[in-house]
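Colleague: No letters, just coordinates:
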């Protein structure tokens, strides 16, 4: 049996945990959250508030200083390839490094292949800080 609270070892579970953190945060900010039915979408979530829809890409790390921004693509032959995101693929990047979630507009991201947490302190939200839930960003 697995012990509850163990660190996940699979990147899939780490990614899923990050998506759930982002969902929690946006629910606390009173946004509606939708998930695309197509797993090949260039975004992971859609958030909506007052009729405004924005697409979200979620990237997660356990203890790294940066996350890769490469997107996984599978060719028709079943070979996994990687590409870079381009304008229009998503509106906001949510980079997770628990207990922090960075909510960064696509237009503010400087590098196309990686996101360095230290470059974006103004977009950092601390899930342990009660004020995080009182002052939501307007996206």
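Modeller: Arrived safely. Owing to the predicted nature of the structure, the values given are computational and were not obtained by experimental measurement. Numbering: from 1, shown residues only.

Colleague: which residues does residue 52 bridge with?
Modeller: residue 49 (DSSP bridges).

Colleague: where exactly do the helices run in the chain?
Modeller: Remark: helices assigned in the chain by DSSP state H are 11-28.

Colleague: which stretches of it have low pLDDT?
Modeller: 1-9, 11-12, 73-76, 78 (pLDDT under 70).

Colleague: For the closest residue to residue 24 other than its chain neighbours, the count of nearby residues, please.
Modeller: Nearest residue to residue 24, sequence neighbours excluded (CB to CB, 6 or more residues apart in numbering): residue 127, at 7.8 Å. C-betas here are computed from N, CA, C, even on glycine. Neighbour count of residue 127, defined by other CB atoms under 10 Å: 15.

Colleague: got a list of what residue 92 touches?
Modeller: Listed by CB atoms under 8 Å, 6 or more residues apart in numbering, the contact partners of residue 92 are 54, 55, 56, 57, 103, 104, 105, 106, 139.

Colleague: Hmm, residue 48 and the second one touching each other?
Modeller: No - with contact defined as CB atoms under 8 Å, residue 55 does not reach residue 48; the gap is 10.6 Å.

Colleague: neighbour count winner among the two?
Modeller: With neighbours defined as other CB under 10 Å, residue 55 and residue 48 compare such that residue 55 has more, 19 against 13.
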